[in-house]
Each structure stands twice: as C-alpha cells, then as structure tokens.
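1. sequence below, structure please.
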Amino acid sequence: MDTAATGLTFRDATDADADALVVLIESAYRGDDSRAGWTTEADILEGQRTDPEGVLAVIKSPDSRLLVVEREGQVVACCQLEHRGAHAYFGMFAVSPQLQGGGLGKVIIAEAERTARETWGVREMHMTVISVRNDLIAWYERRGYRRTGRMTPFPYGDERFGVPQRDDLQFELLVKELA
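-> Model prediction:
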C-alpha cells in the first residue's frame with residue numbers, strides 16, 4: 001500500500017467543515033504559510049483564495065461534492081467534484097503545505113477520479129489552472145491531464161479570487177480521459 005494513503009479517510013464536507021476548509025485552502029495557496037509547500041500562489045496573487053460563502057456554495061450545490069480528506073481526525077486535504085453533463089470538474093484542490101511533496105496529492109486525485117466515474121459515470125475530468133503555474137501544470141500532466149490551449153480570463157477586479165500581482169493571468173483548461 002502507498003504510504004501516502006495510510007490512515008486516510010474520505011468523506012463529503014458538511015456545513016460545519018466550511019471554516020476549517022477555508023483555512024486549509026488559504027494555507028495551501030496564499031500568504032507566507034503557503035510557502036511551506038510547493039503549490040503556493042503567493043508570488044502571483046495576494047488576498048484570499050476563497051471564503052466561507054464560496055465553500056458553502058460548493059457544499060450545498062446539488063451537482064457538487066466537496067471531498068474532505070482526514071488523517072487521524074485532522075483535515076489534511078480537500079477537493080471539489082462537480083457533475084457537468086458528460087464530464088466532471090475538479091477544483092478547490094488543497095493539500096496541507098506541510099504534507100505536500102509526499103505523494104498525498106496523487107492519492108487524492110486518483111480517488112477523486114474514481115469517485116467521479118462511479119458517482120456520475122463520466123468519462124472525462126476537467127479542471128482549470130492559472131496558465132503561468134508551469135510546475136503545477138506539469139504535475140497534472142504527469143497524472144495524465146493534457147493542456148487544451150483553451151483559455152478563460154482571470155477575474156481581475158473581483159477580490160474574492162485574490163489580488164493579482166501581474167497582468168498576464170488566465171485560466172487554461174486541462175482535460176483527462178477517465179478509464
């Protein structure tokens with residue numbers, strides 16, 4: 001068994017998880033705490049990544065699941081799955097910065113893909129990644145995702161998604177065929 005998977009439990013988030021999930025997501029991407037891991041966006045975005053309202057919206061959406069990953073009763077990761085017809089969308093992925101680089105992310109994304117296939121019968125997983133995040137995109141490519149070149153604009157001026165530190169941010173669609 002993969003030691004990264006040892007002792008993990010997966011469950012659907014509840015309203016009571018919202019505050020802890022915001023803390024986890026913020027710690028994985030923004031501010032100085034995020035620099036302990038490799039997924040930080042601290043050099044390209046300041047401000048918040050999400051808020052309790054955004055997390056609760058995902059929890060309450062009938063077409064979404066927000067998976068909480070725990071080890072020894074502690075929340076260590078999360079990810080969003082959203083059913084979008086023929087495919088599922090993967091988002092809100094966060095792993096505690098202190099646990100990044102140990103294989104936990106690989107275990108979680110594989111479980112998310114399995115869950116989406118089994119729950120909705122989808123054959124593809126989609127996600128969007130900030131196009132300048134080359135290390136992160138390369139990590140997803142090693143997991144079987146392919147770049148599509150399809151871009152959508154970053155929501156400049158909407159501080160709910162952060163305060164950009166550069167003017168060339170956009171999202172690229174990545175896609176993976178699910179076996």
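
2. element containing the residue minimising distance to the centre of the chain, please.
-> By CA atoms, centre = their mean, the chain has its centre lying nearest to Phe93, at 1.6 Å. Assigned by DSSP states H and E, Phe93 falls within strand 87-95.

3. show me which residues of that strand are buried.
-> Buried residues in strand 87-95, defined by neighbour count with 16 or more other CB atoms under 10 Å: 87-90, 92-95. C-beta here means a position set from N, CA and C on the backbone, and glycine is covered the same way.

4. got JSON lines for those residues, with pLDDT and distance to Gly73 too?
-> Formatted as JSON lines, the buried residues of strand 87-95 follow (pLDDT from 0 to 100; distance: CB to CB, whole Å):
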{"residue": "His87", "pLDDT": "98", "distance to Gly73": "33"}
{"residue": "Ala88", "pLDDT": "98", "distance to Gly73": "28"}
{"residue": "Tyr89", "pLDDT": "98", "distance to Gly73": "29"}
{"residue": "Phe90", "pLDDT": "98", "distance to Gly73": "25"}
{"residue": "Met92", "pLDDT": "96", "distance to Gly73": "21"}
{"residue": "Phe93", "pLDDT": "97", "distance to Gly73": "21"}
{"residue": "Ala94", "pLDDT": "96", "distance to Gly73": "18"}
{"residue": "Val95", "pLDDT": "96", "distance to Gly73": "17"}
